[in-house]
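Colleague: sequence-free structure coming up:
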């Protein structure tokens, strides 16, 4: 009686053009091909055993924000892939539009609902499989598809051309030498301790992040390098668009650029989803159980630098800060303690959001949703009142800074604080460390 | 007539019920495991017993997980329901007598009035679940005939057993119906929704291994 | 394989400090060592925003605003990109051409020819032997040279794309260009063009639709389509084109569109041909386990990761870097894994007679060279790739210790 027609359709060129080209036969064939060819016992067990208890509803920030039954994790399955399985793919194009909109824009694949399901059902896996079917059907939101195209053409997500990458590094190096006269951004140095990898937007729009990271490494006396050739971008929107073949190609390029340089580790900038793609999804598609080159997230790496006394703070970031725990590094990789250690090292005072740690709510930007672009911005805003409430509560306790060591969290929270009028500023750890560290190698001011 | 029906249901049909439960259960486990090995190799490669056990211990503890804590009423009802659901048929005096009569094995029984209360608890919990399926919008939204069917199959033997024990309606009819619904219960455990009784442990161990082993995070 | 004829193979060691550069520089960058170990070069910062090359302790007179990516070619030329007045130049043995470019990167070498990727006025192409392609393109990547150095190729963008213009992209915007001439069909994606021995054919990975991958030879795709493919190689015996292909979620090998190794691997890549036409590759017989494979027969020894495959000159042996589940590195060969475990292992090097294998390794921050699993009795701050004498009896070790550069010619028997 509650199965009313999907009433929140959002126009998107990619989705609409995609379904305009579909026929019921094509849908059926593709659904069968993915279900029979690519999925196995996991999907079957999840589909068979879910007892529809509804306990997962409270896990989801979309449900918590709308308090509307169709947003619960199980409801998302019930309105998309669950139907495809039941009906063996015999559905019409309009239904695929609904499936795509739900899977790409109403689930962040954050896996918070795993903490609520007694049977351990991984809704994110089912939504990923739904996205995979949509990719195979050519029904993907325009902007994330464009990002996947960029990945395929340039091995980075922002259409950054080969020369533009190196040029950005040289530019930042030159800028930095006004502050640190002998600072380098070393290129292609074989056999060093680590290769530093970033995401596409850094050389494109956020070059200061490269500057800051290089400055921190310089101050710490690190033995590191940047690659001069494609593979430098660790991001992976193909993983989220459902183009797993491209995900594999990207991860191969990324890992091989480190293998080629025989670095001992890859240190990854403050990004969440890229981390997920190296330890969880991309590596597996390529057949690697572990990652082939050890990868440490900035949160881990900065912790090492602080514990070894290689970076010291001149002053802590003033005032009270709260912490956004990014799903992909906290629930995804257990860096809670590292992040708390660092937060207390660099900030004067921390107030925690509730819930936090691995039970924290997603920023609603992750899982590729923010990459679905402007048409779906309001989905993220209305769908994360829960996060706004958390932030307001932290604000009421005096927090004016949000520490968010993840690009997607950054973008997502930026939109949320503007939308809900919360007067807070968002910082990467690198922002705070760079601004407040003791700079023994800088020119005297 | 009654005796031949009674003999049929408590004899060959009961054998059938247990046979399907055991063989069907084994078949499901083996076939799904071999499918997983073939198609989900990159998932099951991470399975580790210690993570699974740790996770199961949390999930079989009331309020031992986030999900249980955030849904306190369901938690209480679910635990009472499942404990009574399993303990009552196994430790019911009348059932143990049948085991003793047929196979010469027996074990301590629950006092009848305790078993009676537990049966009522199962029925009450079932009513609560049914109520949720209708009234709670999040549950109603996702409820299908499969969920009602699973609930009916599960409740059947308890309702009929209760009625038979208290000799409400025709005892002989009710006891046959009780055996038949009990057999149906056994028949359907390996399949569909009720297969969570067998397969839920699998999916628990798997997600526990993913969370604790790969993601270094709790799955509770 | 590196030609080591004519090198100094006199046994013994030479130690140099090359201290002069340090005295006249604000800083010196990483050491670059020529294949024969006779020349060592470093980029030196001689004054703010002023760089020179320090070669065997002597600073070059030419100074530039920037010098990046110095490296030696196999025939011992020192190649680097230098920048002056917002223009980039290719420096070969400290000589720069007259013409400056918008940007240069990805220097490469084949049979005496030096080439690089170039951007000029936001158009992309290559410079080969000092000459820029006649046609440049809106974008270019995946640059390569033919084995004889006579032909060059890249993937080039031949149609413009508007912002988020996903459908033009899907109609195809990329082609292979050889010596600046775009070739054959336009594809959605093209990767890793690769020439045959005489440069007459070029094969590349292509994606024709979002889901159909194939191999295109001279711009014409195979009829057969796959879930995806890896880089193609030419069979030197038959001239056929062979590439790993994915079908039904498993990897196999295809030649000219026909499956030659049935898809059964969880991974299959980095294949190499021997002169006899045998194929060596790295495969994963099952998820998480990698091995060497020759002609579709995987070797039994597996590791979590296998990389840097090297095939012996006679084509009968192979060795590679392996990483175990304990995340330690070792050397995997066709006869099994060597005993030693290291923090890093570089690509193995075979002797000319294929009987010995030398590998540069790192353990606890100290590096050395091991031959056939046996270590040289001394370790260093850093080593460079080892080389064998033409008669396969001696090993060249190039190393750094503190400020000292050390060139050692050791007999194979000295490795114990």
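Modeller: Nice, thanks for sending it over. Please read all numbers here as calculations on a predicted model, not as lab measurements.

Colleague: can you map out the helices along chain B?
Modeller: Secondary structure of chain B by DSSP state H: the helices cover B:2-8, B:14-19, B:25-39, B:41-44, B:49-59, B:66-70, B:72-91, B:93-103, B:112-135, B:137-142, B:145-165, B:171-188, B:196-208.

Colleague: for stretch C:336-356, the distance to its chain's centre please.
Modeller: From the chain centre to the centre of stretch C:336-356 is a distance of 18 Å (CA atoms, centre = their mean, to the nearest Å).

Colleague: quick check, the helix or strand bottoming out on mean pLDDT in chain C touching chain A?
Modeller: Least confident helix or strand of chain C, by mean pLDDT, DSSP states H and E, is helix C:20-23 with a mean of 87. No. Figure legend: helix C:20-23 not in contact with chain A (CB under 8 Å from any CB of the partner chain); closest approach 13.7 Å. (Glycine included, C-beta is placed from N, CA and C.)

Colleague: neighbours of the closest residue to residue A:150 other than its chain neighbours, just the number please.
Modeller: If the residues on either side of it in the chain are set aside, residue A:150 comes closest to residue A:159, at 4.6 Å by CB to CB, 6 or more residues apart in numbering or on different chains. For residue A:159, the neighbour count with other CB atoms under 10 Å in any protein chain shown is 18.

Colleague: show me what contacts residue C:34?
Modeller: Going by CB atoms under 8 Å, 6 or more residues apart in numbering or on different chains, residue C:34 touches C:40, C:41, C:72, C:76, C:78.

Colleague: Dead centre of chain C: give me the residue that sits there.
Modeller: Closest to where the C-alpha atoms of chain C average out (CA atoms, centre = their mean) is residue C:108, at 8.9 Å.

Colleague: Sorry, slip of the keys, the one I care about is chain A.
Modeller: For chain A, the residue nearest the mean C-alpha position is residue A:273 (2.9 Å; CA atoms, centre = their mean).

Colleague: Compute the distance between the residue of the stretch 201-350 of chain C found nearest chain B and residue C:266, please.
Modeller: The stretch 201-350 of chain C approaches chain B most closely through residue C:287 (4.2 Å), counting by CB to the nearest CB. Between residue C:287 and residue C:266 the computed distance is 5 Å (CB to CB, to the nearest Å).

Colleague: Can you check which helix is longest in chain C?
Modeller: Max-length helix for chain C by DSSP H is helix C:166-171.

Colleague: quick check: mean pLDDT across that helix?
Modeller: The predicted model assigns helix C:166-171 a mean pLDDT of 97.

Colleague: does the next helix or strand after it come close to chain A?
Modeller: Counting by DSSP states H and E, the next helix or strand C-terminal to helix C:166-171 is strand C:174-178. Yes. Using CB under 8 Å from any CB, strand C:174-178 reaches chain A at residue C:174.

Colleague: In the sheet, which strands lie alongside strand C:174-178, parallel or antiparallel?
Modeller: Partners of strand C:174-178 in the sheet, by DSSP bridges, are strand C:152-157 (antiparallel), strand C:181-187 (antiparallel).

Colleague: Include mean neighbour count and mean pLDDT when you put those strands into CSV, please.
Modeller: Formatted as CSV, the strands paired with strand C:174-178 follow (neighbours: other CB atoms under 10 Å in any protein chain shown; pLDDT from 0 to 100):
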stretch, mean neighbour count, mean pLDDT
strand C:152-157, 26, 98
strand C:181-187, 18, 97
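
Colleague: need these in a markdown table with distance to residue A:390, can you?
Modeller: Below are those laid out as a markdown table (distance: least, CB to CB, whole Å):
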| stretch | distance to residue A:390 |
| --- | --- |
| strand C:152-157 | 45 |
| strand C:181-187 | 47 |
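
Colleague: Would you mark the buried spots in stretch C:370-390?
Modeller: C:370-373, C:376, C:378-380, C:382-389 (16 or more other CB atoms under 10 Å in any protein chain shown).

Colleague: so how far is it off the chain centroid?
Modeller: Distance of stretch C:370-390 from the chain centroid (CA atoms, centre = their mean) equals 20 Å.

Colleague: same question, stretch C:26-45
Modeller: How far stretch C:26-45 lies from its chain's middle: 20 Å, per CA atoms, centre = their mean.
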